[in-house]
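Asks: coords please:
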Amino acid sequence: MKRTRFDNAMLSGLLVYQCDASDAVFDGAELQGSTINECFLPSASFRFAKLSQVTITKAHLADCSFFQSKGDCLSIVRPISIDGLVLEGAHLPYLRLSKVSGRIRARALSAPFADLHLSNLAGAELEQADLTEARLLSVGLSDANLVGAVLTGASIHSCQLMGRIYLAHQVKAFR
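Replies: I've put the predicted structure just below:
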């Protein structure tokens, strides 16, 4: 599946297991109810994809793009790498990130009711992100950019906010 193009494909209910899909393109694809498990997906593109009820487990997602993707309940669980993961402009209510570690770019992400737990998102770009009613439990957010982020009704417990956290056009140091 390396460098394979699935642009605008109907892939609902797809089960992908232990595949090399590096540089694969799923732009605009319908992946509702799909499961991607233990796959190698660096630089794969899911731009504008429809991702309702998609579960991605133990996958390598470095430099993977979900730019302006949409769908309820996308779950990314225990990925091998997410450095450079792009979630910019995506609309992903009930997004679940579990045991995730790496730097993400998620400017203008709309993820109300998101569940982020047991993760390290140091240096995350979450500028203008909508995390209304989100649950953050044991999440490292040191040096994260949260300028303009919406956290109305969010539950934040046991999170690490050391370093510089960028909020509302000012820098606050937490220790």
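Asks: so where do the strands sit in the protein?
Replies: Assignment of strands within the chain using DSSP state E yields the ranges 15-17, 35-37, 55-57, 75-77, 85-86, 96-98, 104-105, 115-120, 135-140, 155-157, 163-167, 170-174.
Asks: and these, which one is worst for confidence?
Replies: Note on the strands of the chain: strand 170-174 shows the lowest mean pLDDT, a mean of 42.
Asks: about what we covered before: may I see the strands of the chain organised as CSV, with mean neighbour count and distance to residue 1 added?
Replies: For glycine as for every other residue, the C-beta is placed from the backbone atoms N, C-alpha and C. Below are these laid out as CSV (neighbours: other Cβ atoms under 10 Å; distance: least, Cβ to Cβ, whole Å):
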stretch, mean neighbour count, distance to residue 1
strand 15-17, 13, 8
strand 35-37, 18, 11
strand 55-57, 19, 15
strand 75-77, 19, 19
strand 85-86, 23, 19
strand 96-98, 20, 24
strand 104-105, 20, 24
strand 115-120, 19, 27
strand 135-140, 18, 32
strand 155-157, 12, 38
strand 163-167, 16, 38
strand 170-174, 10, 43
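Asks: Any chance of a markdown table for those, columns distance to residue 147?
Replies: Below are the strands of the chain laid out as a markdown table (distance: least, Cβ to Cβ, whole Å):
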| stretch | distance to residue 147 |
| --- | --- |
| strand 15-17 | 36 |
| strand 35-37 | 32 |
| strand 55-57 | 28 |
| strand 75-77 | 24 |
| strand 85-86 | 18 |
| strand 96-98 | 20 |
| strand 104-105 | 14 |
| strand 115-120 | 18 |
| strand 135-140 | 17 |
| strand 155-157 | 17 |
| strand 163-167 | 5 |
| strand 170-174 | 9 |
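Asks: The spatially most central residue of the chain - nearest residue in space that isn't next to it in sequence?
Replies: Centroid check for the chain by Cα atoms, centre = their mean gives residue 87 as the closest residue, at 5.5 Å. Spatially, and ignoring its direct neighbours in sequence, residue 87 is nearest to residue 106 (4.0 Å; Cβ to Cβ, 6 or more residues apart in numbering).
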